[in-house]
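[1] Here is a sequence with its predicted model. Questions after.
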Amino acid sequence: MLNANPHEEQVKELIVLYPRLRRAMTIFMFGSRIDADDVVQDAYEKAFERIHSFREDSSLYTWLYQIARNRALDLVRKKAPDLMDEEGWMDRLMDERNDDPGESGQVQALRQAIRQLPSTMREVVVLKVLEGFSYEEMEQITGENVQTLKSRMFRAKRRLHELMKPDT
Amino acid sequence: MIQSENKQHYTQNTKLEALIEDALEGRLDAEALERLHRALEHHPDLKGDWETLNRWNPFQEVEQLEPESSYQEPAFEQNLKRAWTEKTAGQNLYQITYTYFMRYALAASFTILAALSLLNLQTDIPGIPVLPGISDNSGSSDISVNPDNPDNPGNPGISWDNISEASTSESFLAEVQDYLYGSDENHSTAYYLTLFEAEPGQETATETDRPVDTSPVNQTQLQ
């Protein structure tokens, strides 16, 4: 007699997480929801294939995020290799303002400032502030040690402060 | 030297920045905070940044920044569920194939083949070739086409019947010798039996004919 798939519950949990991953990947992919959706779809397909290899030493979302992040990095390298360096990010991001007119001035300024951060700092802000990962989880995702990640966070805040000063 | 100093400076700065971040997030106790204050006396730029960021929190309105709910979309969720269903359907097909074909059908095939091989040794099944040198029970075809003994086509070869009739090991040995060497007297059954069955007290020709070395032992060789 065939058994039901033993990973059914984990997959249900994964599917519940999709809005969170879409949000993270939209920021990762320069605000493009189309690119983000491609990344998320691919990430889920890969996750379904590899669900048997999921070890419970991390949360399901951390594991899923890692898969999506690798896919997003591949896509960025393929589509816009110039964006892998900081100057490329800046040029592109300056053209990509797509703000919601209903947002407060402060939120708009923050959104724009985050987009102007170099990729390494921006990722730390997204992972820590938006995603709510702990530094230990971020270490697992990015492969960078906790001290480096904390230092990047401090520098990101300092840069955001500079970018959001009224005279900037 | 300069490179090494720069690296050391960078590492020290990274450590201090990490500690300041811990302090900003309220993860340092009073003693650690005091140590950090003392360490930052030599880094006025970092101390200034710490004081500024202590009064400024850019992430207060983070929930407004990117509300998760705005990324919810039933059609997208349906796509994911469909992808999983298709995936599991594929897995089930594989599982069925594996379970019922690989495990049972293949095992059955092996059993049938094994049974046929056994039958082939004992019965004459038309169309299944007979192993060379072993005759079937009819004693017909193998006599004329004995590939192992082309010089003696009249030799019927070893048959299972003959082997089963052999009552002693001597007679079986005789069968084998006759099959291999025919009636050649130098290789006859009787000749080989003499090698193995010399009478007690009587030496075989081989033993008596062996020359005995009676020369004195060379002492240097022994040493």
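    Structure's in. What do you need?

[2] could you list every residue that touches the most centrally placed residue in chain A?
    Central residue check for chain A by Cα atoms, centre = their mean: the C-alpha nearest the mean position is that of A:Ala24, 4.0 Å away. With contacts defined as Cβ atoms under 8 Å, 6 or more residues apart in numbering or on different chains, A:Ala24 is in contact with A:Tyr65, A:Ala68, A:Val126, A:Leu130, A:Glu131. In this view, the C-beta of every residue, glycine as well, is placed from N, C-alpha and C.

[3] swap the cut-off to 10 Å and go again
    Taking Cβ atoms under 10 Å, 6 or more residues apart in numbering or on different chains as the definition of contact, the neighbours of A:Ala24 are A:36, A:39-40, A:61, A:64-65, A:68-69, A:72, A:123, A:126-127, A:130-131, A:133, B:66, B:68, B:71.

[4] Just the buried residues of those.
    Buried subset of the contacts of A:Ala24 (neighbour count, 16 or more other Cβ atoms under 10 Å in any protein chain shown): A:36, A:39-40, A:61, A:64-65, A:68-69, A:72, A:123, A:126-127, A:130-131, A:133, B:66, B:71.

[5] Now the element after the helix or strand of chain A with the lowest mean pLDDT, going C-ward?
    Using mean pLDDT, DSSP states H and E, the weakest-scoring helix or strand in chain A turns out to be helix A:86-94, at a mean of 46. Remark: after helix A:86-94, the chain's next helix or strand is helix A:105-115, criterion DSSP states H and E.

[6] For that following helix, name the packing helices and strands.
    With contacts taken as 3 or more Cβ pairs under 10 Å, 6 or more residues apart in numbering or on different chains; DSSP states H and E, helix A:105-115 sits against helix A:18-28, helix A:86-94, helix A:119-125, helix A:146-164, helix B:62-65.

[7] Which parts of chain B belong to which domain?
    Each domain of chain B is listed here as a residue range: B:2-56, B:77-122, B:134-201, per automatic domain parsing.

[8] A:Arg152 is in contact with A:Met121, correct?
    Yes: the criterion here is Cβ atoms under 10 Å, and A:Met121 meets it with A:Arg152 at 5.6 Å.

[9] Who has more neighbours out of those two?
    Higher neighbour count among A:Met121 and A:Arg152: A:Arg152, with 26 against 21, using other Cβ atoms under 10 Å in any protein chain shown.

[10] and residue 12, what element?
    No chain was given, so I picked chain A. Here A:Lys12 is assigned to helix A:8-16, by DSSP H and E.

[11] Chain B is the one I meant
    Of the helices and strands defined by DSSP H and E, B:Gln12 is found in helix B:2-24.

[12] All set, thanks.
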